[in-house]
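*Asks:* Need coordinates for the following:
(one chain, ligands or ions: 1)
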Amino acid sequence: MEGIVKFLSSLLYYVEERGYPFAVAFKRAYRDNKPREVNSNLLYEYSRRFLLSYFSLPSVKKRSIRVKYWIEGKHDNITFPEWMEESLKNFVNLSLLKESLKSKVVWIRVNLLKTDIDKVIKALENYKIEFSLDKDLYYMIKIEKSKVRLSALDLVKEYKVIIQDKASSLVIEALKPEYKDKLIDLSSAPGVKASLYMMLTENKSEIFLTDIDFSRLLRELRLLKKSGVDMDKIHIIHQDSSRNSLTKGDKVLLDAPCSSSGMISNDPTILIKLNREKIIRFSNLQKRLINEAINIKAKELVYAVCSFFPEEGETIVDKYYDLLERPFNNYSSGYTSFKSGILTNRTFPHIDSTEGFFISKLNLEKL
Ligand SMILES: C[S@@+](CC[C@H](N)C(=O)[O-])C[C@H]1O[C@@H](n2cnc3c(N)ncnc32)[C@H](O)[C@@H]1O
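*Replies:* So this is what the prediction gives:
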């Protein structure tokens, strides 16, 4: 017990004082205060649940007191801060959402540029991993139960499978990738969606990848190379896309920088660090970016964010109502109290077992 208290207090330190994302904070705490006799996979899940209960903990400064309070089971509820409850209560069933966050869903994408589905199925069976094949997207697999850490598998290290949420694949599906496409991706790093685009077009399309963050672009280059993408079809542009330099393509993707509130299940530190000001800042940046995106001469634009907040979704595309075309009929609409709601899509952890994404599609030929 003392070991766990030390470990979780140290995890909390790295989150509160250093602002590290969950995976990094966990690694540091594990390095500094590794508890004895605990399986690291279980400890990771335990830590995730602990951080999701952050706003249920007593408001005392001493971390070990808060940790002990949680361990004694006095409060294991997932609580959102008040401002967030207020912002979302009219749009999302918050009790179902919170309940669903308690179990983390992991999706993998079979990378058909490097392997095939049968080989991956066989390998997962050999590892005794429980999984189910997705009904909609033939290359997506939902991991139901695994005693091994997925990131430690050779399949993952060799980029034969990519750990990627199904909703992130839906963003690319909304663009209906075609062989001859020239895609402009205005905020592309670390390249997970771009690599799926190349997979679905069997390396035949051409992508112009931009991002403001140079080190993330370097990571993207590495990911694309390792995942078997034909690098002759890839063009990298380091730019601030709110002052975009690309003028012409077939399709445009704006998977915009956002609050990432849709992925708090995966990284509960997002919940801890989120506030209203951040949402407004992202919303303003998203307005600037979409304003640039619609000026590109192209057939269509997909605008998506991994966020539950309408300020980053419906509010952004309401202005372009006349251009909207609903991407999917078999997924929930956006929030229907907004004009754009019925013509856009949302995915939810408690409905789709995915991250919370907003996905919209604008027909630029109507401009
Ligand atoms: C949601 S992530 C993109 C994820 C990516 N599409 C993928 O699937 O791997 C948002 C990206 O936007 C980039 N970004 C933020 N502000 C930007 C700007 N003004 N111009 C271009 N990129 C920006 C961030 O560096 C980040 O890599």
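*Asks:* shaky segments in the chain?
*Replies:* Filtered on pLDDT under 70, the chain yields the residue ranges 74-76.
*Asks:* run the last query once more with 50
*Replies:* For the chain, no stretch has pLDDT under 50.
*Asks:* Which helix runs longest in it?
*Replies:* If you go by DSSP state H, the chain has its longest helix at helix 276-293.
*Asks:* Show residues contacting whichever helix or strand comes after it.
*Replies:* From helix 276-293 onward toward the C-terminus, using DSSP states H and E, the following helix or strand is strand 300-305. By CB atoms under 8 Å, 6 or more residues apart in numbering, the list of residues contacting strand 300-305 from outside reads 171, 174-175, 251-256, 258-259, 262, 286, 290, 293-294, 312-313, 316-317, 325, 327, 357-365. Backbone N, C-alpha and C define where each C-beta goes, glycine included.
*Asks:* which residues are contacting the longest helix of the chain?
*Replies:* With CB under 8 Å, 6+ apart as the contact definition, helix 276-293 has outside contacts at 83, 87, 186-187, 241-244, 252, 254, 256-259, 301, 303, 305, 307, 309, 311-312, 315-317, 320.
*Asks:* Buried subset of those as a ChimeraX selection?
*Replies:* Selection command for ChimeraX covering only the buried members of the contacts of helix 276-293, criterion 16 or more other CB atoms under 10 Å:
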select :87,186,187,241,242,244,252,254,256,257,258,259,301,303,305,307,309,311,312,315,316,317,320
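*Asks:* could you pick out which of the contacts of helix 276-293 are near the ligand?
*Replies:* If you filter those for contact with the ligand, counting by CB under 6 Å from any ligand atom, you are left with 187, 241, 242, 257.
*Asks:* want to throw those residues into TSV with secondary structure?
*Replies:* Compiled in TSV, those are given as follows (DSSP: H, G, I helix; E, B strand; the rest coil):
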residue	secondary structure
187	coil
241	helix
242	helix
257	coil
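*Asks:* with those in mind, which one is nearest to residue 7?
*Replies:* Nearest to residue 7, judged by CB to CB, of these is residue 257 at 32.3 Å.
*Asks:* which bits of the stretch 251-367 of the chain sit near the ligand?
*Replies:* Residues of the stretch 251-367 of the chain lying near the ligand by CB under 6 Å from any ligand atom: 255, 257.
*Asks:* mind listing the strands for the stretch 251-367 of the chain?
*Replies:* Listed in chain order, the strands of the stretch 251-367 of the chain (DSSP state E, counting those that start in this stretch) span residues 251-255, 300-305, 345-347, 357-363.
*Asks:* sorry, back to before: name the residues of the longest helix of the chain that are buried.
*Replies:* Of the residues in helix 276-293, 278, 279, 282, 283, 285, 286, 289, 290, 292, 293 count as buried by neighbour count, 16+ other CB under 10 Å.
*Asks:* Equivalent analysis for stretch 208-228, please.
*Replies:* Buried positions in stretch 208-228, judged by neighbour count with 16+ other CB under 10 Å: 208, 209, 210, 211, 216, 217, 220, 221, 223, 224, 227, 228.
*Asks:* Domains in this structure, by residue range?
*Replies:* Using automatic domain parsing, the domain parsing of the chain gives 2-79, 167-366.
*Asks:* Look at the shortest one and report the distance between its end residues.
*Replies:* Length of domain 2-79, first residue to last, CA to CA, to the nearest Å: 26 Å.
*Asks:* do the same with stretch 94-114
*Replies:* Across its full length, stretch 94-114 reaches 40 Å between end residues, using CA to CA.
*Asks:* Just the buried residues of that stretch, please?
*Replies:* Counting neighbours by 16+ other CB under 10 Å, one finds that the buried residues in stretch 94-114 are 94, 97-98, 100-101, 104-105, 107-114.
*Asks:* unless I'm mixing things up, residue 114 is touching residue 158, no?
*Replies:* Yes: counting by CB atoms under 8 Å, residue 114 touches residue 158, with 7.1 Å between them.
*Asks:* Tell me which of the domains of the chain is the most buried.
*Replies:* Taking mean count of other CB atoms under 10 Å as the contact definition, the stretch among the domains of the chain with the greatest mean neighbour count is domain 167-366, which reaches a mean of 20.
*Asks:* Residue 355 against residue 267, yeah?
*Replies:* No: taking contact to mean CB under 8 Å, the distance of 10.3 Å between residue 355 and residue 267 leaves them out of contact.
*Asks:* can you give me the helices in the stretch 201-350 of the chain?
*Replies:* Along the stretch 201-350 of the chain, the stretches classed as helices by DSSP state H, counting those that start in this stretch are 214-226, 269-273, 276-293, 314-318, 349-352.
*Asks:* Backbone torsions only: list them for residue 188.
*Replies:* Geometry field for residue 188 lists phi and psi as phi -100, psi -20, criterion degrees, to the nearest 10.
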